[in-house]
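A.B. asks: need coordinates for the below:
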Amino acid sequence: MYIRRILKRFFSILLAVVVFALPSINVNASSAEVLSKSDQQAVVGLLNKAKDYEIDIKSDKQYFVIQVENLIKLNNIELHVPESFIVANSKLYKKLIDGTNVLTVNIQKDGFHEASNISFFFDKNNNVVDYAEFHLKKSKVNTFQIAAYVNGKLQAEEVTDTPFVTAKEYQKSKAGGIKTKGWSEFLDCMNIPGNIATRLALLCGGVCVVTAGTGCVVCVAGVLGIHGGAITACLSSSF
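C.D. replies: Next comes the predicted model:
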């Protein structure tokens, strides 16, 4: 329950950040809190935490990778993308939330945004207790499609009207433009269109409420996928 309370607080703040940063997006006022200076500081701390808790020791990471691969071989984990990419693209976050270890695997596949990933959550005994898939991909009509799976089951899905672009394509489209300081610049730096970031935040809030906290793990997956090692640089350039 302690983990769930932390996750709910994390994403209520994330939601407030995104809506505050994008006032031009039509979002119901009841969906978000007014972002205070203290909340801004809390967000910076939470985003930096992912960086601080990332472990780049191959032997440590390999241990968790093997755990996941064994579960897949035994058909105890149901994935919705090919699982052969796990070893090459994984990141390990040790004791990220109340001692929980998280192994995040970015999905590198045509038609998927770079933030797409699968995250596996381990308890203090290093057993997988939850896993989440976060898909940010191209729909049949070439727009962003968001899908969230928790423990193999679809939790939420939306086909947006925002044209699909990869992070690299979005970054290229922003090159040479006038840059301002603040949250909007931060989102641009992270290479995700602002209205898509808003939808992700709203999705996180909805999943966390509907599933009484369990579904919040997919939101953590989304944030860790967006993280991509770039948060520190983006925070430095945006504030």
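
A.B. asks: nearest spatial neighbour of Phe121, skipping sequence neighbours?
C.D. replies: Asp130 (4.4 Å; Cβ to Cβ, 6 or more residues apart in numbering). Backbone N, C-alpha and C define where each C-beta goes, glycine included.

A.B. asks: burial measure for that neighbour, as a count.
C.D. replies: 21 (other Cβ atoms under 10 Å).

A.B. asks: that one and Gln155, how far apart?
C.D. replies: Between Asp130 and Gln155 the distance is 12 Å, computed by Cβ to Cβ, to the nearest Å.

A.B. asks: buried sites along stretch 141-152?
C.D. replies: Within stretch 141-152, the residues that count as buried by 16 or more other Cβ atoms under 10 Å are 144-151.

A.B. asks: I meant to write stretch 109-127 there.
C.D. replies: Residues of stretch 109-127 classed as buried: 112-122 (neighbour count, 16+ other Cβ under 10 Å).

A.B. asks: what packs against the host helix or strand of Asp161?
C.D. replies: Element membership for Asp161 (DSSP states H and E) is strand 153-163. Strand 153-163 is packed against strand 143-150, helix 194-210, with contacts defined by 3 or more Cβ pairs under 8 Å, 6 or more residues apart in numbering; DSSP states H and E.

A.B. asks: whichever helix or strand comes after it to strand 153-163, inter-axis angle?
C.D. replies: Past strand 153-163, further along toward the C-terminus, the next helix or strand under DSSP H and E is helix 167-174. For helix 167-174 against strand 153-163, the angle by axes from the mean of the first three to the mean of the last three Cα atoms, to 10 degrees is 30 degrees.

A.B. asks: pLDDT of helix 167-174, averaged?
C.D. replies: Helix 167-174 comes out with an average pLDDT of 73.

A.B. asks: output it as PDB, restricted to C-alpha atoms.
C.D. replies: This file holds the C-alpha atoms of helix 167-174, laid out as PDB (Å, rounded to 0.1, in the frame of the first residue of the first chain):
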ATOM      1  CA  ALA A 167      11.500  11.200 -31.000                       C
ATOM      2  CA  LYS A 168      14.100  11.800 -33.700                       C
ATOM      3  CA  GLU A 169      11.600  13.200 -36.200                       C
ATOM      4  CA  TYR A 170      10.100  15.400 -33.500                       C
ATOM      5  CA  GLN A 171      13.500  16.700 -32.500                       C
ATOM      6  CA  LYS A 172      14.400  17.500 -36.100                       C
ATOM      7  CA  SER A 173      11.100  19.400 -36.600                       C
ATOM      8  CA  LYS A 174      12.000  21.600 -33.600                       C
END
